[in-house]
Each structure stands twice: as C-alpha cells, then as structure tokens.
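> what follows is a predicted structure for the sequence shown.
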Amino acid sequence: MLLGYGLMLWVTNASFHFGTVTLHEIGFWLLLVLALVLPIIEILFTSNAEFKNIGYSFLGLMYISLSWALMIDLRQHHMLLNGSEITEDKGWIIPMFLIGSIWINDTMAYIVGSFLGKTPLSPISPKKTWEGTIGGAILCIASISLLAYFFAPEFLKLLIGVAAIAAIVGTLGDLLESKLKRMAGVKDSGHFMPGHGGFLDRFDSLILATPFVWLYVKLLF
C-alpha cells in the first residue's frame, strides 16, 4: 500500500506541492526507501520467507496502484503550467469522460442484455451476454460522442477512442476481477459495501481500462 501511495505521488506534476516540497519528490523518496526496505523485512523478519509474497504484492501494485497513477497522469495531460502555477486546466476532461464511459457501458450492457441477451459471453460471468456487451459498447460510444460534441468538441476524436477502449477493455476488466475471485476461492472481494460483490467490483472495469486509455492518449495525442 505504501509503495502504491509512493507511485501515485511520484507521477504528480509541480502544481501539487506543500510549500517548496512537491508531492513528486515525496513519492520518489518513498519509493526508493520502500523498494529497499520491504524486501529486506520480508526476508529477515519472516520465519518462512517466501519470495512469492513479494511477487503477489508486486502484482497488486501493478494491478491497482499503477492504474490510479496513470489516471493521475491523464488528469495532468492537458494541464498547462508556469512553474508550479496552473495557467490552463482541461485535464479533467479525459478522466471524467473515461469514468462516464465505464458507467454508461455497464448500464447499457445490463439493459440491452436484460431484453435481448441470449448468448453467454464467458463462463467466468454467465450473466454477461454477447448481445448486451455489443449493445452496451455501441450505445456507450454513441452517448460519449454526443456529449463530447456539445461539451468538448476539440476533444471529440480523442474521446470517441476513449469510449471504445472503455467499453471493450472495461468489460475484460470485469471478467478479470471475477476470475481473480474464483482463483482466490471467494465470492466477494470484500464486505465494505453490502449488497455488492466487494469494493473492487465498483472499479474493476476502470482499473484495467485506464492503462490502455493512457497508452492511447500518449501514443496518438
């Protein structure tokens, strides 16, 4: 968890600071110290030290913390700075439309699947259907295109791509989390939110979609 916090702090730009100390600097030193200390603690202070524990922690870092770090970087993508002062800020557009795409896709896929769904998408999640998945993706892209046309026309092409990635990869993220729960032998990822499959269920699509959206934005825009 501490490494995850360090990673998220490290990707911030100069506008995030306490006085003369930036969060980027705090994140750098936190990562450096913990990367050295945590493996040593695992080896020296655990009676049955297993390197797979370090591996599991690393995978968790890549699965969850890296995704949030890349989301922070997306938030800064269209943020113009003069030193540490923000002169123009349109960085909120990509994250907000990404989150909106996930919500719209999930909702539309559920509605279309409820009325037209007949063909199961995957044995991992029997309730998901091909009809719902395709219908949700089409309606998601159409809805985001319409919203972008009226509220962020200069980002229209970029946001259509974001919606497409969110619809496709977001669905895979949902299936991946379901698979991880099966591998762990648990029904829910937690009990913090009653009536849900766990807190992670609310973010599984976003967690996997974010790195792909980040790559898309960085490579093409």
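Thanks, I have it. Numbers count the residues shown, from 1 in each chain.
> buried residues, the lowest-mean-pLDDT helix or strand in the chain. List them.
Across the helices and strands of the chain, mean pLDDT, DSSP states H and E gives its lowest value to helix 51-60, namely a mean of 79. Judged by neighbour count (16 or more other CB atoms under 10 Å), helix 51-60 contains these buried residues: residue 57. Backbone N, C-alpha and C define where each C-beta goes, glycine included.
> what's it packed up against?
Contact partners of helix 51-60 among helices and strands, from 3 or more CB pairs under 8 Å, 6 or more residues apart in numbering; DSSP states H and E: helix 23-44.
> report the buried residues of the helix it packs on.
Across helix 23-44, burial judged by 16+ other CB under 10 Å covers 23, 25, 26, 27, 30, 31, 34.
> cool, stretch 154-163 as well?
Buried residues in stretch 154-163 (16+ other CB under 10 Å): 155, 158, 159, 160, 161, 162, 163.
> contacts for it next, please.
Outside stretch 154-163, the residues within contact range by CB atoms under 8 Å, 6 or more residues apart in numbering are 90, 93-94, 97-98, 101, 105, 140-141, 143-145, 148-149, 152, 213, 216-217, 220-221.
> can you redo the buried residues of stretch 154-163 as a markdown table with distance to residue 40, pLDDT and secondary structure?
Formatted as a markdown table, these follow (distance: CB to CB, whole Å; pLDDT from 0 to 100; DSSP: H, G, I helix; E, B strand; the rest coil):
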| residue | distance to residue 40 | pLDDT | secondary structure |
| --- | --- | --- | --- |
| 155 | 46 | 97 | helix |
| 158 | 44 | 97 | helix |
| 159 | 46 | 98 | helix |
| 160 | 48 | 98 | helix |
| 161 | 44 | 97 | helix |
| 162 | 41 | 98 | helix |
| 163 | 45 | 98 | helix |
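> need these in a markdown table with distance to residue 175, can you?
Shown next, in a markdown table, are the buried residues of stretch 154-163 (distance: CB to CB, whole Å):
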| residue | distance to residue 175 |
| --- | --- |
| 155 | 29 |
| 158 | 26 |
| 159 | 24 |
| 160 | 24 |
| 161 | 22 |
| 162 | 20 |
| 163 | 19 |
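> tell me which of those is nearest to residue 206?
residue 162 (11.9 Å; CB to CB).
> what does the least confident helix or strand of the chain contact?
Contacts for helix 51-60 (CB under 8 Å, 6+ apart): 3, 4, 38, 39, 42, 46.
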